[in-house]
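K.L.:
model this:
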Amino acid sequence: MAASATSTPGGIPAAQFVDDVDKFMATGEWGTTAEAALKRCDEMYSKYKFMESQLLQKASRLKSQTPEIKSTLDMIRFVKAKSSSDFVTDFRLADNLYASARVPPTEKVCLWLGANVMLEYTVDEAETMLKRNYDNSLTSAADIQKNLDFLRDQITTMEVSILSQTILALPCLCSFDSCCFVLLADRWTHTHTH
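P.N.:
Modelled structure (predicted):
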(Lines give C-alpha, C1' and ligand atoms only; values in the text may rest on other atoms or scores of the structure.)
Protein backbone atom coordinates (compact mmCIF):
# COMPACT_ATOMS: atom_id res chain seq x y z
CA MET A 1 0.00 0.00 0.00
CA ALA A 2 3.01 2.21 0.14
CA ALA A 3 3.45 4.53 -2.76
CA SER A 4 5.35 2.72 -5.44
CA ALA A 5 7.86 4.20 -7.83
CA THR A 6 5.29 4.53 -10.60
CA SER A 7 3.46 7.79 -11.05
CA THR A 8 1.64 9.72 -13.74
CA PRO A 9 3.19 12.52 -15.79
CA GLY A 10 1.35 14.81 -13.37
CA GLY A 11 3.54 13.43 -10.57
CA ILE A 12 0.77 11.57 -8.77
CA PRO A 13 2.23 8.64 -6.84
CA ALA A 14 0.60 5.27 -7.41
CA ALA A 15 -0.98 3.52 -4.45
CA GLN A 16 -0.03 -0.13 -4.08
CA PHE A 17 -2.96 -2.46 -3.52
CA VAL A 18 -2.60 -4.48 -0.31
CA ASP A 19 -3.87 -7.99 -0.93
CA ASP A 20 -2.35 -9.47 2.24
CA VAL A 21 -2.71 -7.09 5.18
CA ASP A 22 -0.84 -9.38 7.61
CA LYS A 23 2.17 -9.57 5.29
CA PHE A 24 2.07 -5.82 4.69
CA MET A 25 1.91 -5.09 8.43
CA ALA A 26 4.86 -7.43 9.01
CA THR A 27 7.04 -5.26 6.76
CA GLY A 28 6.55 -2.31 9.13
CA GLU A 29 6.71 -0.01 6.13
CA TRP A 30 3.89 2.20 7.44
CA GLY A 31 4.24 1.45 11.11
CA THR A 32 4.07 -1.58 13.32
CA THR A 33 0.53 -1.04 14.58
CA ALA A 34 -2.76 -0.98 12.73
CA GLU A 35 -3.44 2.50 14.09
CA ALA A 36 -0.16 3.85 12.66
CA ALA A 37 -0.83 2.25 9.27
CA LEU A 38 -4.40 3.61 9.25
CA LYS A 39 -3.08 7.07 10.05
CA ARG A 40 -0.68 6.88 7.07
CA CYS A 41 -3.50 5.62 4.85
CA ASP A 42 -5.73 8.49 5.92
CA GLU A 43 -2.91 10.96 5.19
CA MET A 44 -2.45 9.56 1.68
CA TYR A 45 -6.20 9.52 1.14
CA SER A 46 -6.40 13.19 2.16
CA LYS A 47 -3.54 14.06 -0.20
CA TYR A 48 -5.27 12.28 -3.08
CA LYS A 49 -8.54 14.10 -2.37
CA PHE A 50 -6.68 17.43 -2.27
CA MET A 51 -4.99 16.66 -5.60
CA GLU A 52 -8.39 15.75 -7.04
CA SER A 53 -9.89 19.09 -5.99
CA GLN A 54 -6.94 20.97 -7.52
CA LEU A 55 -7.27 19.11 -10.82
CA LEU A 56 -11.02 19.70 -10.89
CA GLN A 57 -10.41 23.45 -10.46
CA LYS A 58 -7.89 23.43 -13.33
CA ALA A 59 -10.32 21.51 -15.51
CA SER A 60 -13.06 24.02 -14.74
CA ARG A 61 -10.82 26.97 -15.67
CA LEU A 62 -9.82 25.31 -18.94
CA LYS A 63 -13.43 24.49 -19.72
CA SER A 64 -14.28 28.20 -19.58
CA GLN A 65 -11.10 29.47 -21.27
CA THR A 66 -11.01 27.11 -24.25
CA PRO A 67 -14.21 28.38 -25.92
CA GLU A 68 -13.02 31.99 -25.45
CA ILE A 69 -9.71 31.20 -27.13
CA LYS A 70 -11.51 29.42 -29.98
CA SER A 71 -13.92 32.33 -30.44
CA THR A 72 -11.06 34.84 -30.56
CA LEU A 73 -9.15 32.63 -33.00
CA ASP A 74 -12.22 32.43 -35.25
CA MET A 75 -12.53 36.22 -35.17
CA ILE A 76 -8.86 36.69 -36.09
CA ARG A 77 -9.32 34.33 -39.01
CA PHE A 78 -12.40 36.29 -40.09
CA VAL A 79 -10.45 39.57 -39.93
CA LYS A 80 -7.64 37.96 -41.92
CA ALA A 81 -10.11 36.77 -44.59
CA LYS A 82 -11.60 40.30 -44.84
CA SER A 83 -8.22 42.04 -45.04
CA SER A 84 -8.94 43.46 -48.51
CA SER A 85 -12.23 45.22 -47.74
CA ASP A 86 -14.25 46.96 -45.03
CA PHE A 87 -16.77 44.93 -43.05
CA VAL A 88 -19.48 45.72 -40.52
CA THR A 89 -19.66 43.88 -37.24
CA ASP A 90 -21.36 44.08 -33.86
CA PHE A 91 -19.23 44.20 -30.74
CA ARG A 92 -20.16 43.97 -27.10
CA LEU A 93 -19.94 47.11 -24.98
CA ALA A 94 -21.41 45.50 -21.87
CA ASP A 95 -23.67 42.60 -20.99
CA ASN A 96 -26.56 42.64 -23.48
CA LEU A 97 -25.35 45.91 -25.03
CA TYR A 98 -23.87 45.82 -28.53
CA ALA A 99 -22.83 48.44 -31.06
CA SER A 100 -22.22 48.18 -34.79
CA ALA A 101 -18.93 49.28 -36.29
CA ARG A 102 -17.35 49.47 -39.71
CA VAL A 103 -13.90 47.91 -39.62
CA PRO A 104 -11.44 49.02 -42.30
CA PRO A 105 -8.82 46.60 -43.65
CA THR A 106 -6.14 46.08 -41.02
CA GLU A 107 -2.94 44.20 -40.51
CA LYS A 108 -2.87 44.62 -36.72
CA VAL A 109 -5.14 43.57 -33.86
CA CYS A 110 -5.06 44.09 -30.10
CA LEU A 111 -5.62 41.16 -27.75
CA TRP A 112 -6.45 41.24 -24.05
CA LEU A 113 -3.96 38.94 -22.36
CA GLY A 114 -5.39 39.29 -18.86
CA ALA A 115 -4.42 41.30 -15.78
CA ASN A 116 -5.44 44.48 -17.66
CA VAL A 117 -2.79 43.89 -20.32
CA MET A 118 -3.49 44.42 -24.01
CA LEU A 119 -0.88 43.91 -26.71
CA GLU A 120 -0.87 44.72 -30.39
CA TYR A 121 -0.06 41.90 -32.82
CA THR A 122 -0.04 41.49 -36.53
CA VAL A 123 -2.97 39.37 -37.67
CA ASP A 124 -0.61 36.49 -38.51
CA GLU A 125 1.15 36.68 -35.12
CA ALA A 126 -2.19 36.77 -33.31
CA GLU A 127 -3.44 33.76 -35.26
CA THR A 128 -0.25 31.79 -34.54
CA MET A 129 -0.33 32.62 -30.82
CA LEU A 130 -4.04 31.85 -30.44
CA LYS A 131 -3.73 28.58 -32.37
CA ARG A 132 -0.85 27.52 -30.10
CA ASN A 133 -2.84 28.52 -26.98
CA TYR A 134 -5.92 26.65 -28.24
CA ASP A 135 -3.91 23.49 -28.97
CA ASN A 136 -2.19 23.73 -25.56
CA SER A 137 -5.58 24.14 -23.90
CA LEU A 138 -6.93 20.99 -25.56
CA THR A 139 -3.78 19.04 -24.66
CA SER A 140 -3.91 20.25 -21.06
CA ALA A 141 -7.57 19.28 -20.76
CA ALA A 142 -6.77 15.76 -21.99
CA ASP A 143 -3.81 15.47 -19.59
CA ILE A 144 -5.94 16.65 -16.67
CA GLN A 145 -8.61 14.07 -17.51
CA LYS A 146 -5.98 11.29 -17.63
CA ASN A 147 -4.63 12.43 -14.27
CA LEU A 148 -8.13 12.59 -12.78
CA ASP A 149 -8.89 9.06 -13.98
CA PHE A 150 -5.61 7.79 -12.51
CA LEU A 151 -6.22 9.69 -9.27
CA ARG A 152 -9.72 8.27 -8.87
CA ASP A 153 -8.24 4.77 -9.17
CA GLN A 154 -5.72 5.63 -6.44
CA ILE A 155 -8.49 6.98 -4.20
CA THR A 156 -10.45 3.75 -4.63
CA THR A 157 -7.33 1.71 -3.85
CA MET A 158 -6.76 3.75 -0.68
CA GLU A 159 -10.39 3.32 0.40
CA VAL A 160 -10.10 -0.46 0.00
CA SER A 161 -6.79 -0.48 1.89
CA ILE A 162 -8.25 1.59 4.71
CA LEU A 163 -11.16 -0.81 4.97
CA SER A 164 -8.87 -3.84 4.96
CA GLN A 165 -6.71 -2.41 7.72
CA THR A 166 -9.74 -1.33 9.72
CA ILE A 167 -11.07 -4.89 9.62
CA LEU A 168 -7.65 -6.17 10.72
CA ALA A 169 -7.52 -3.69 13.58
CA LEU A 170 -11.01 -4.49 14.88
CA PRO A 171 -10.14 -7.65 16.82
CA CYS A 172 -7.71 -5.53 18.82
CA LEU A 173 -10.15 -2.67 19.28
CA CYS A 174 -13.36 -4.60 19.94
CA SER A 175 -14.06 -6.46 23.15
CA PHE A 176 -17.38 -7.78 21.83
CA ASP A 177 -17.94 -11.14 20.20
CA SER A 178 -19.04 -9.76 16.85
CA CYS A 179 -18.97 -6.50 14.90
CA CYS A 180 -21.22 -5.28 12.13
CA PHE A 181 -19.93 -3.01 9.34
CA VAL A 182 -22.09 -0.24 7.95
CA LEU A 183 -21.28 2.00 5.00
CA LEU A 184 -22.10 5.60 5.94
CA ALA A 185 -21.58 8.21 3.22
CA ASP A 186 -18.16 7.30 1.84
CA ARG A 187 -16.53 5.91 5.03
CA TRP A 188 -16.85 2.52 6.69
CA THR A 189 -17.76 2.41 10.36
CA HIS A 190 -18.60 -0.47 12.59
CA THR A 191 -21.15 -1.09 15.28
CA HIS A 192 -21.09 -3.70 17.97
CA THR A 193 -23.74 -6.38 18.37
CA HIS A 194 -24.28 -8.52 21.44
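
K.L.:
rest of the way, CA atoms for contacts and neighbours
P.N.:
Will do.

K.L.:
where exactly do the helices run in this structure?
P.N.:
With DSSP state H as the criterion, the chain has helices at 21-27, 34-81, 123-173.

K.L.:
need the contact list for residue 61.
P.N.:
Neighbour list for residue 61: empty [criterion: CA atoms under 8 Å, 6 or more residues apart in numbering].

K.L.:
low-confidence ranges in this structure?
P.N.:
Filtered on pLDDT under 70, the chain yields the residue ranges 1-9, 168-194.

K.L.:
at 80 instead, please
P.N.:
Applying pLDDT under 80 to the chain flags residues 1-10, 16-26, 28-35, 37, 164-194.

K.L.:
just give me the residue closest to the centre of this protein.
P.N.:
residue 55 (1.8 Å; CA atoms, centre = their mean).

K.L.:
does that one touch residue 142 like I think?
P.N.:
No: Residue 55 lies out of contact with residue 142 (CA atoms under 8 Å); the separation is 11.7 Å.

K.L.:
any idea how far the residue nearest to the centre of the chain lies from residue 153?
P.N.:
To residue 153, residue 55 is 14 Å away according to CA to CA, to the nearest Å.

K.L.:
repeat for residue 31
P.N.:
Residue 31 is 24 Å from residue 153, by CA to CA.

K.L.:
try residue 161
P.N.:
In terms of CA to CA, residue 161 sits 12 Å off from residue 153.

K.L.:
the two - which one has more neighbours?
P.N.:
Here residue 161 and residue 153 are compared on neighbour count by other CA atoms under 10 Å; more neighbours surround residue 161, at 23 against 14.

K.L.:
my guess is that one meets residue 15, correct?
P.N.:
No: contact criterion CA under 8 Å: residue 161 and residue 15 do not qualify, at 9.5 Å.

K.L.:
burial of the residue nearest to residue 42 when sequence neighbours are not counted, as a residue count?
P.N.:
The shortest distance from residue 42 to any non-neighbouring residue, by CA to CA, 6 or more residues apart in numbering, is to residue 162 (7.4 Å). Residue 162: 23 surrounding residues under other CA under 10 Å.

K.L.:
how about residue 114?
P.N.:
If you count neighbours by other CA under 10 Å, residue 114 ends up with 7.

K.L.:
who's it bridged to?
P.N.:
residue 117 (DSSP bridges).

K.L.:
look up how far residue 65 lies from it.
P.N.:
As judged by CA to CA, residue 114 and residue 65 stand 12 Å apart.

K.L.:
ok, now residue 104?
P.N.:
For residue 104, the distance to residue 65 - CA to CA - is 29 Å.

K.L.:
next one: residue 96
P.N.:
In this view, residue 96 and residue 65 are 20 Å apart by CA to CA.

K.L.:
neighbour count winner among those two?
P.N.:
residue 65 (13 against 6).

K.L.:
quick one: residues in contact with stretch 124-142.
P.N.:
59, 62-63, 66, 69-70, 72-73, 76-77, 80, 109, 111.

K.L.:
name the nearest of these relative to residue 120.
P.N.:
Lowest distance from residue 120 to the contacts of stretch 124-142 (CA to CA) belongs to residue 109, with 5.6 Å.
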